[in-house]
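> Let's see this in three dimensions:
(one chain, ligands or ions: 1)
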Amino acid sequence: MEPRLGNPQNTIRIIKKHNFVFQKKFGQNFLIDTRVLDKIIAAADIQKKDMVLEIGPGIGTMTQYLAEAAGHVVAVEIDAGLIPILKETLQDYDNITLLHNDILKVDIAGLARQYNQGNPIKVVANLPYYITTPIIMGLFEKDIPIENITVMVQKEVADRMRTGPGSKDYGALSLAVQYYASPYLVANVPPNCFLPRPKVGSAVIRLTRYACPPVQVKDPALMFRLIRASFSQRRKTLLNGLSHSSELPFSKEQITAAIAALGMAPAVRGETLTLEQFAHLSDLLSDQKGNLPC
Ligand code: SAM
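Numbering: from 1, shown residues only. Alright, predicted model coming up:
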């Protein structure tokens with residue numbers, strides 16, 4: 001039986017054995033703290049019936065924990081240099097499928113069909129920080145059956161995902177995450193829990209996907225265009241942000257009327273609006289789309 005990873009000695013031993021060189025461009029900071037690993041597994045609430053997708057298994061540390069808790073684990077790793085290491089560290093497990101690929105190019109809904117009869121999967125990862133947002137948004141926006149996502153992210157990103165209006169961290173990511181899921185902070189994780197140590201603090205966050213979004217909106221794509229335009233230049237008023245956006249077809253008069261119908265002052269800033277208010281604004285404007293000149 002291969003030794004269980006998760007402590008610094010075993011991690012260093014396997015890295016040295018394979019002459020592995022860390023690739024900064026892939027955001028490689030491997031977990032070396034068993035307490036953090038236990039917390040992640042417990043927070044993800046993994047059962048023997050579950051299929052888990054792990055993004056970026058590294059040398060397989062968390063993959064071992066996941067394989068012991070789950071029914072099946074699909075682990076997707078981009079770095080070819082890690083594949084022979086993973087084949088060694090995971091050789092004692094018969095419920096792991098290892099894929100050498102870029103997660104942004106993988107058909108994850110197809111994996112859920114292939115390995116979980118299309119039922120909702122759980123996603124667990126110590127994410128590569130350079131692509132946190134595209135990974136999370138891809139998981140939500142593509143039609144992927146997901147129960148929950150439990151991920152290590154930069155602490156600042158975890159703050160942005162959880163916060164509401166009035167905070168400097170509030171923005172398009174907060175609104176997108178909160179439209180699709182309920183966020184819960186599992187733990188803050190200091191740099192010394194990783195090898196090599198990242199320059200930033202980290203946090204584990206669990207996003208439990210809603211069966212139905214907490215707000216009803218006629219055209220979610222339009223609401224997200226409004227949200228992006230509102231936050232693209234934070235110092236602008238909502239009116240200026242929306243009327244100067246090339247993504248939106250509305251006249252200044254239409255936007256002024258919609259803001260007034262919301263009961264808000266003309267100089268209101270986008271960062272003060274709640275998700276409900278963005279949904280309402282979106283419905284007011286989508287009613288006007290038919291009146292627009294071609
Ligand atoms: N899970 C391991 C752990 O906790 O020790 C490693 C986590 S490390 C922060 C991020 C991992 O994601 C690395 O193994 C890296 O090579 C991998 N990775 C980076 N970009 C990726 C991508 N686009 N697709 C799949 N894996 C990726």
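> Checking the nearest residue to residue 77 once chain neighbours are set aside next. Helix, strand or coil?
Nearest non-adjacent residue to residue 77, counting by Cβ to Cβ, 6 or more residues apart in numbering: residue 57, 5.2 Å away. For every residue, glycine as well, the C-beta is placed using N, CA and C. The assignment at residue 57 comes out as coil when based on DSSP: H, G, I helix; E, B strand; the rest coil.
> Show the contacting residues for residue 272.
Contact partners of residue 272, counting by Cβ atoms under 8 Å, 6 or more residues apart in numbering, are 165, 166.
> that older thread, tell me how many other residues crowd the residue nearest to residue 77.
When counting by other Cβ atoms under 10 Å, one arrives at 29 neighbours for residue 57.
> repeat for residue 116
20.
> wait, isn't it in contact with residue 51?
Yes: here residue 116 reaches residue 51: they are 3.9 Å apart, a contact under Cβ atoms under 8 Å.
> which neighbours do those two share?
By the contact definition Cβ under 8 Å, 6+ apart, residue 116 and residue 51 are jointly contacted by residue 72.
> Can you check the pLDDT for the residue in the chain that the ligand sits nearest to?
Going by Cβ to the nearest ligand atom, the ligand is nearest to residue 56 of the chain, at 2.0 Å. pLDDT recorded at residue 56 is 98.
> Check residue 3 too.
For residue 3, the pLDDT comes out at 64.
> go on, residue 292?
As predicted, residue 292 sits at a pLDDT of 48.
> How about residue 232?
As predicted, residue 232 sits at a pLDDT of 87.
> What residues does it make contact with?
Counting by Cβ under 8 Å, 6+ apart, residue 232 makes contact with 241, 245.
> Torsion angles phi and psi at it?
Residue 232 adopts backbone torsions of phi -70, psi -30, taken as degrees, to the nearest 10.
> Strands of the stretch 51-200 of the chain, start to end?
Under the criterion DSSP state E, counting those that start in this stretch, the stretch 51-200 of the chain contains strands at 51-55, 72-77, 96-100, 121-126, 146-154, 181-189, 194-195.
> The second one pairs with which strands, parallel or anti?
Looking at strand 72-77 with DSSP bridges, its partner strands are strand 51-55 (parallel), strand 96-100 (parallel).
> so residue 191 touches residue 154, yeah?
No: look at residue 191 against residue 154 with Cβ under 8 Å: they stay out of range, at 11.1 Å.
> Turn the strands paired with strand 72-77 into a markdown table, columns for mean neighbour count.
Converted to a markdown table, the strands paired with strand 72-77 look like this (neighbours: other Cβ atoms under 10 Å):
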| stretch | mean neighbour count |
| --- | --- |
| strand 51-55 | 26 |
| strand 96-100 | 16 |
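> now for the ones you listed, which one comes closest to residue 233?
strand 51-55 (31.9 Å; Cβ to Cβ).
> Residues in contact with the closest one: which ones?
Applying Cβ under 8 Å, 6+ apart, the set of residues contacting strand 51-55 from outside is 44, 46, 62-63, 66, 70-76, 103, 108, 111-112, 115-116, 119, 121-125, 127-128, 135.
> Quick check: ChimeraX command selecting the buried ones in those residues.
Buried residues within these, by 16 or more other Cβ atoms under 10 Å, are selected in ChimeraX with:
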select :44,46,62,63,66,70,72,73,74,75,76,103,108,111,112,115,116,121,122,123,124,125,127,128,135
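> Contact partners for the residue nearest to residue 77?
Counted by Cβ under 8 Å, 6+ apart, residue 57 has contacts 63, 75, 76, 77, 82, 86, 98.
> likewise residue 185?
158, 162, 203, 204, 205.
> Give me the neighbour count for the first one.
In this case it means residue 158. By other Cβ under 10 Å, 25 other residues sit near residue 158.
> So it sits against residue 206, correct?
No: counting by Cβ under 8 Å, residue 158 stays clear of residue 206, with 10.2 Å between them.
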